[in-house]
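Chemist: Model the structure of this input:
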Amino acid sequence: SCFLDGVHGDNCGTVAVGNVDEAGATLIQAAKEGMMAGIAAAKPGGCLTAVGAAIHEVADKYNFSSVRKYCGHGVADVFHAPPYVKHFRNSDECLLLP
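Modeler: Residues are numbered from 1 along each chain as shown. Sure, this is the predicted structure:
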C-alpha cells in the first residue's frame, strides 16, 4: 500500500515460486485474463457491472469462480473507498465517468 499526494492506493500480485503444477499455472493464467478483461470493460460512460460480468465470463471459461467476499475498490483520500468492484455478475449499477 502507498499514500501519495493525499491518495491511498494498494495492489496485489501473484508470484509463482518453484515448480508450479499445471492447475496452478492455469489458475494464474485465468486470473490474469480476468483482470485484463475487467480492465478492458472499464470504459467512460459504461457501467461498473460490465467489469464484474467480464471477469465472471473468464472464470466461467476455465470452470472457476470468483471469491464473493472480496472485491476491488476505488482510490481516494480514504483507504478502500467506493465504488466497490465485484468480480462476478451483479446488478449494482454505477456509471463510469472519465
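
Chemist: which residue ranges form the helices in the chain?
Modeler: 22-41, 49-61 (DSSP state H).

Chemist: out of the ones you listed, deepest packed?
Modeler: Using mean count of other C-beta atoms under 10 Å, the stretch among the helices of the chain with the largest mean neighbour count is helix 49-61, at a mean of 19. To be clear about C-beta, it is placed using only N, CA and C from the backbone, and glycine gets the same treatment.

Chemist: returning to what we had before: and the helices of the chain as a markdown table, adding distance to Pro98 and mean pLDDT?
Modeler: Below are those laid out as a markdown table (distance: least, C-beta to C-beta, whole Å; pLDDT from 0 to 100):
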| stretch | distance to Pro98 | mean pLDDT |
| --- | --- | --- |
| helix 22-41 | 15 | 97 |
| helix 49-61 | 15 | 97 |
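
Chemist: Make CSV from these and add distance to Phe88 to it.
Modeler: Formatted as CSV, the helices of the chain follow (distance: least, C-beta to C-beta, whole Å):
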stretch, distance to Phe88
helix 22-41, 10
helix 49-61, 5
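
Chemist: For Cys94, find the nearest of those.
Modeler: helix 49-61 (7.5 Å; C-beta to C-beta).

Chemist: Residues contacting the closest one, please?
Modeler: 30, 33-35, 37-38, 40-43, 65-66, 72, 85-94 (C-beta atoms under 8 Å, 6 or more residues apart in numbering).

Chemist: Distance from the chain centre to that helix, please.
Modeler: Averaging C-alpha positions (C-alpha atoms, centre = their mean, to the nearest Å) puts helix 49-61 10 Å from its chain's average.
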